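Q: Here is my input, please return the structure:
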Amino acid sequence: MKPLILIVDDDPSNRKLISMVLELEGYLVLTAETAEEALELIWEAAPDLALIDLELPRMDGLSLARLLRAEPRTRHLPIIALSAHAMKDEIAKAAAAGCDAYITKPIDTRKFCDQIAQHLKAEASP
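A: Alright, predicted model coming up:
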């Protein structure tokens, strides 16, 4: 069974593009528009990886990542931050919040699935 990936992004076009790219690669995909919606899906479906936009309404992506890292059930969930900003301080903030990687939007569709696969393999390694 292919891994289940959760996409958390308030922009419908970003969710659609990322979903299509992942589904074409055979991944199962869930999407959420807000951090609150993402939390519900995470508790219900236990995804194998979360792609989280840093700029979400109400609770931002960094707060969501911190919350997931503090919770024993999701402490080891691979989290990849998504952002339109590629500044060093943004990348450092994402890492400090517990994100395992940082991908700049718009995504590079030629490299994206390889980036995802690397983090899924790292999680599966003993």
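Q: In the chain, what helix or strand scores lowest on average pLDDT?
A: helix 112-124 (a mean of 86; mean pLDDT, DSSP states H and E).
Q: Which of the residues in it are classified as buried?
A: 112-113, 116, 119 (16 or more other C-beta atoms under 10 Å). Placement of C-beta: from N, CA and C, glycine included.
Q: Next, the angle from the helix or strand containing residue 7 to helix 112-124.
A: Using DSSP states H and E, residue 7 falls within strand 4-8. Counting by axes from the mean of the first three to the mean of the last three C-alpha atoms, to 10 degrees, strand 4-8 lies at 120 degrees to helix 112-124.
Q: what about the chain, any weak spots by pLDDT?
A: Residue ranges of the chain with pLDDT under 70: 122-126.
Q: Tell me which residues touch the residue most central in space within it, please.
A: The residue lying closest to the centre of the chain (C-alpha atoms, centre = their mean) is residue 51, at 1.1 Å. Residues counted as contacts of residue 51 (C-beta atoms under 8 Å, 6 or more residues apart in numbering) are 5-9, 18, 80, 82, 103, 116.
Q: That one in helix, strand or coil?
A: Judged by DSSP: H, G, I helix; E, B strand; the rest coil, the three-state class of residue 51 is strand.
Q: hang on, the earlier thing: quick one: the least confident helix or strand of the chain to chain centroid distance?
A: Computed by C-alpha atoms, centre = their mean, to the nearest Å, the separation of helix 112-124 from the middle of its chain amounts to 12 Å.
Q: which other helices and strands contact that helix?
A: With contacts taken as 3 or more C-beta pairs under 8 Å, 6 or more residues apart in numbering; DSSP states H and E, helix 112-124 sits against helix 12-24, strand 49-53, strand 79-83, strand 101-104.
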